[in-house]
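Participant: no sequence for this one, just the structure:
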């Protein structure tokens, strides 16, 4: 993650995500904006299990073991940024893959 911090903010990836500002909070001695994001549609720049990303644009490749019937569902990305309110630098990012089921 250190090498690809904030990659979902790349111009080619932003259209595949929804972003929402949660608010402000303290992170150590800094005040930060908390920003959530969630992938809303499939992206050719985010691939799972043997997919190939166009190396000319920012993208992500994941290898995960998805059990049984869930393999038929879409796997998407969501996460949260903590962004310094003064410098607008990303101070922290958490991201996770999730399986989009009909119940979600």
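Facilitator: Now that the structure is in, tell me what you want to look at. Only a predicted model underlies this, so the values are computations on that prediction, with no experimental measurement involved.
Participant: where does the nearest residue to residue 16 once chain neighbours are set aside land in three-state SS?
Facilitator: In space, and not counting its chain neighbours, residue 16 is closest to residue 43: 4.1 Å by C-beta to C-beta, 6 or more residues apart in numbering. Using the backbone N, CA and C atoms, a C-beta is placed for each residue, glycine as well. Here residue 43 takes the coil state, with states given by DSSP: H, G, I helix; E, B strand; the rest coil.
Participant: how much space between residue 43 and residue 84?
Facilitator: 27 Å (C-beta to C-beta, to the nearest Å).
Participant: can you give me the strands for this protein?
Facilitator: 17-27, 30-39, 46-48, 60-62, 74-84, 90-100 (DSSP state E).
Participant: Turn those strands into TSV, including mean neighbour count, mean pLDDT and distance to residue 10.
Facilitator: Formatted as TSV, the strands of the chain follow (neighbours: other C-beta atoms under 10 Å; pLDDT from 0 to 100; distance: least, C-beta to C-beta, whole Å):
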stretch	mean neighbour count	mean pLDDT	distance to residue 10
strand 17-27	12	94	10
strand 30-39	17	95	12
strand 46-48	19	75	11
strand 60-62	15	70	10
strand 74-84	18	88	13
strand 90-100	15	85	13
